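In: Next input, structure requested:
(2 chains)
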Amino acid sequence: MLKQKALVDVLGQVNTNGVDGSWLFNKEGLLLAFVGTQSKTVAANVSSALLASVWTALERRANDLTESILVLEDGVIAFTLIARSMLLAVRSNKKTEVGMVRAKLHSLAAYLEQPILSISHDQL
Amino acid sequence: MNAQQELEELMLTYEGVCAIFITDHDGGVVLNVGLPSTLDNSRFRQQLIVSHITTIPQIHKLNMGGHQTTFAMYESHQIAIHSIAKYYFIVHAGTNANTGMMLAMRDKLTPIATHMMTVCPPIDGDGTMLPSIPSAAAPPPDFDD
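Out: Next up, the predicted model:
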C-alpha cells in the first residue's frame, strides 16, 4: 500500500534550490500527488494532464521514450517514466541549472521505482 | 553566411549529432542536413515534426512563458528541438551525444536563425502591415450582430 503522506514527504524533498514543484501522475494525466508552489493560473491537475499529453505525443513516434525536458521562458520542467505506467515531473525556475533538475528527477525516480512498481497494475 | 554550410559544420563539430533540420511553425521543412543512411530520413522527419507541433499548444497552456527547447531522450537516440525566431531547429543525435551540448546548441543556432530572418523577413502581416489595416483573417466588426 502506498501511503499518501509518505509519498508527499518524498516528493517534497526535491523542492529546494529553485525547484518548486514535483508531480506524480499516470500516463492518462490523473494526478496522484503534487508538492510545491501552486501556480495562480494553472492548477496542478491541469498541468499533469498537459504534461501527460506532451509525453503521449512524443512517445507516439517511438515507444522507447525515457525522459523529456521542456525549457520554457519562465522555467524548466523535466519528466520521466517510472514503473512503466507513471510519470514523475519536476519543475524549476529559470535560474536553476538543467543538470540539477535532471539529477533530482533521476534520484527521485530511482527511489520511487520499487514502491510504485509494487502497486502498479502489472503486479496485481 | 551560408546557412546550409553552417549547419553542416555544426553537425560535424559535435560528436553523435546525426542530422539537423529546420522547419517553420507549420511544419514545413526549410533546410535539412544530415546523414540519410542513419535513418529513414523523410518518414522519421515528418513523424518528428508532427509530434512536436502537437505538443506546442499544450506547452503554452502550462503558462510558463514561450517555448524555448524540447528535449526528448529515447533508448536509441535523443532529440532536441529549439524554437528560435520563426523556426524550429530539430537536432537528432545518437545516445553517445552529450545532452548538455544539445541543449547549449541553441546559442550556436541563434545566429543562423537571425541570418535566415534577414533572408526571409516575415511577410504574413505582423512585420509589414500597418496597425490600422485589419488582417484579412479577422472577422468584420459587426460579425456577431
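In: Which other helices and strands does the helix or strand B:F71 falls within contact?
Out: Using DSSP states H and E, B:F71 falls within strand B:67-74. Packed against strand B:67-74 by the contact rule (3 or more C-beta pairs under 8 Å, 6 or more residues apart in numbering or on different chains; DSSP states H and E) you find strand A:65-72, helix B:41-61, strand B:77-84, helix B:99-119. All C-beta atoms are positioned from the backbone trio N, CA, C, and that covers glycine.
In: what angle do it and strand A:65-72 make?
Out: Angle, strand B:67-74 to strand A:65-72, by axes from the mean of the first three to the mean of the last three C-alpha atoms, to 10 degrees: 170 degrees.
In: Strand B:67-74: partners in the sheet, and parallel or antiparallel?
Out: Applying DSSP bridges, strand B:67-74 is found paired with strand A:65-72 (antiparallel), strand B:77-84 (antiparallel).
In: can you give me how far stretch A:85-102 is from the chain middle?
Out: How far stretch A:85-102 lies from its chain's middle: 8 Å, per C-alpha atoms, centre = their mean, to the nearest Å.
In: gap between whichever residue of chain A sits closest to chain B and A:K94?
Out: Among all residues of chain A, A:E73 sits closest to chain B, at 2.7 Å; criterion: C-beta to the nearest C-beta. For A:E73, the distance to A:K94 (C-beta to C-beta, to the nearest Å) stands at 7 Å.
In: higher neighbour count, the two?
Out: A:K94 (14 against 10; other C-beta atoms under 10 Å in any protein chain shown).
In: quick one: the more buried one and A:G75 touch, right?
Out: Yes - the pair A:K94 / A:G75 is scored as a contact, 5.2 Å apart, by C-beta atoms under 8 Å.
In: got any ranges where chain A has weak pLDDT?
Out: Where chain A drops to pLDDT under 70, the residues are A:1, A:120-124.
In: Give me every residue in it lying close to chain B.
Out: For chain A, the residues in contact with chain B (C-beta under 8 Å from any C-beta of the partner chain) are A:39, A:41-42, A:46-47, A:50-51, A:53-54, A:57-58, A:60-62, A:64-75, A:77, A:91, A:98-99, A:102.
In: neighbours around the residue in chain B that chain A sits nearest to, how many?
Out: Using C-beta to the nearest C-beta, the single residue of chain B nearest to chain A is B:G65, 2.7 Å away. Look at B:G65: counted by other C-beta under 10 Å, it has 13 neighbours.
In: One more: A:H106?
Out: 15.
In: before we move on, what about the one 10 residues further on?
Out: A:I116 has 21 neighbours, counted by other C-beta under 10 Å.
In: can I assume it is in contact with A:V10?
Out: No - using C-beta under 8 Å, A:I116 makes no contact with A:V10, being 10.9 Å away.
In: can you tell me how far B:K108 sits from A:N26?
Out: Using C-beta to C-beta, we find B:K108 at a distance of 38 Å from A:N26.
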